[in-house]
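> Here is a sequence with its predicted model. Questions after.
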Amino acid sequence: MCGIAALFNKDNSSFGVVESLFAEQHRGQDSAGIVSSDGEKIYSHFGLGLVKDTFKEDILQNLKGNLAIGHVRYPTQGKVSLCNCQPHIFRFNGEEIFALASNGDITNLPELAEEITKEGLSIEGENDAEVIAKFIGLYFSKKNFSLVDAIYLWMEKAKGAYSAVLMTKNELYAFRDPWAFRPMCYGVKENLISVASESVALDILRIPYSGEIPAGTIYRWNNDGLKVFEKRTEKPLRHCIFEHIYFSRPDSIVFGEKVFEVRRKIGMLLAENDKTEADCVIAVPDSSNYIGLGYAEKRGLPFVLGLVRNHYVGRTFIAPDQLTRDEGVRFKFNPLPSFFVGKKIILVDDSIVRGTTIKKLIRMLKENGAKEVHLRIGSPPIRYSCFYGVDTPNKEKLIASKMEIEEIRKFISADTLNYLPIEDLRKCVSLPNDYCYACFNGDYPAGEKKHPSLVS
């Protein structure tokens, strides 16, 4: 899961792109990058860590031009390093040709990388976006394809998720895999164009949401305006349902749905037929807040912000290693003093992935006097790895793949544990057949990823 942003036809576009990346910081905290162009030259800057630490005003002043793309990274492929930062710049014969940023994960990456290296191009990093850029660059620069035809060929051969923006010195392209796994929207205000992973990145620029970049299509903007190249590769739509459950900001529009409304519906369905006696409902902030609100509303129980989150600590689920996750739980959450003493609590969370966070949270609440903690999860058990952009490469890391629900309950020390059935989750979105549920049911629409890394 990563965040992308692009801006065209605005003076000093890099300043707008950095604002959009701020709005999408939740999608990746390991690195950030921006590439810009003034029509004659390409400028770039990359850094490890947060957007605010990477882009100061003096740096942005040097990212000149009215066209820029940016990226925040959470790695699903490749370690955290400057070599793996995006956007990737494709160079040929010493000239910078274009830059590309992508959100997703490719299941057949090694065979595509091999096709590139056989033609004499090297793979310097370990992530899929570099392969996308060099594949397109190979066919554009060495085989005389148009950029559009090179992108179409990529779409024909690649399996998996990619929502990507590509910029030349004077054009902006946006394209998306035929399944549309990851979100990608755009907005237009007069002649100003913005493309982003989530609509909040448009909101911060006061650019109205125009809609999603359709699956399998290519949008191209230049001084002549917009040209749409229609889908050539037909696949069934398979949006990632986890975007609604956890990843996306609640104030975003994702896959045409208001995220906060989907989460509120999840909470209300989670509460149906639940007669567990409780004093109040507590949500694990922040992604579970609207799920908890819907649950409390349905049951007529008080909704209390009983866990205070330190927002200067990143998201524990997407931290890159287990040690960081374990430390992050202690630093990230703190219960209200004396509030929990003697109370029966409904604790609402969006999901249990590894079980690292929730076990410690329940212990924390009981140490602070909670009489009972009844856990309600706003998704089905996650039993299968995701190969389309989520950091669960090994099924063995998923607690629900190793334990039944009652075993999980005992392990995390909850008094009761209920998950949302997949049938109810499907009721929370307008077009349930257009979503991917592979992490719950193991049905992979674009195949499984067999490779741990591009490098040994």
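That came through, no problem. Everything numeric here is computed off the predicted structure, so don't read it as measured data.

> pLDDT score assigned to the spatially closest residue to Leu307 that is not a sequence neighbour?
Nearest residue to Leu307 in three dimensions, chain neighbours excluded: Phe333, at 5.0 Å (C-beta to C-beta, 6 or more residues apart in numbering). C-betas here are computed from N, CA, C, even on glycine. As predicted, Phe333 sits at a pLDDT of 93.

> cool, and Arg354?
Reading off the model, Arg354 has pLDDT 87.

> cool, and the one 4 residues further on?
You'll see Ile358 listed with a pLDDT of 95.

> Then it would be within a helix, right?
Yes - the assignment for Ile358 by DSSP: H, G, I helix; E, B strand; the rest coil puts it in a helix.

> one step back: go ahead and confirm the residue nearest to Leu307 touches Ile362.
No - using C-beta atoms under 8 Å as the test, Phe333 is too far from Ile362 to be in contact (11.4 Å).

> three-state assignment of Phe175?
Per three-state DSSP, the local secondary structure of Phe175 is strand.

> Please name every helix or strand in contact with the lengthiest strand in the chain.
The longest strand of the chain (DSSP state E) is strand 95-106. In terms of contacts (3 or more C-beta pairs under 8 Å, 6 or more residues apart in numbering; DSSP states H and E), strand 95-106 is packed against strand 3-8, strand 31-37, strand 42-48, strand 67-73, strand 88-92, helix 128-137, strand 160-167.

> which other helices and strands contact the first one?
In terms of contacts (3+ C-beta pairs under 8 Å, 6+ apart), strand 3-8 is packed against helix 13-23, strand 67-73, strand 95-106, strand 160-167, strand 172-176, strand 192-196.

> Just the CA trace of the second one, in CSV.
Provided in CSV are the C-alpha atoms of strand 67-73 (Å, rounded to 0.1, in the frame of the first residue of the first chain):
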residue,chain,number,x,y,z
LEU,A,67,4.0,19.2,-13.8
ALA,A,68,4.9,17.0,-10.8
ILE,A,69,4.2,13.5,-9.5
GLY,A,70,4.9,12.2,-6.0
HIS,A,71,4.8,9.1,-3.9
VAL,A,72,4.8,7.9,-0.3
ARG,A,73,6.0,4.3,0.2
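
> buried stuff in that strand?
By 16 or more other C-beta atoms under 10 Å, the buried positions in strand 67-73 come out as 67-73.

> So this structure: which segments form each domain?
3-235, 259-433 (automatic domain parsing).

> Run through the residues that contact Thr276.
Residues near Thr276 by C-beta atoms under 8 Å, 6 or more residues apart in numbering: 346, 374, 416.

> re the thing from before, for the buried residues of strand 67-73, which one is nearest Arg249?
Each of these was scored against Arg249 by C-beta to C-beta, and Val72 proved nearest at 13.0 Å.

> Pretty sure the closest one sits against Glu24.
Yes - counting by C-beta under 8 Å, Glu24 is a contact partner of Val72 at 5.8 Å.

> distance of Tyr444 from Phe387?
7 Å (C-beta to C-beta, to the nearest Å).
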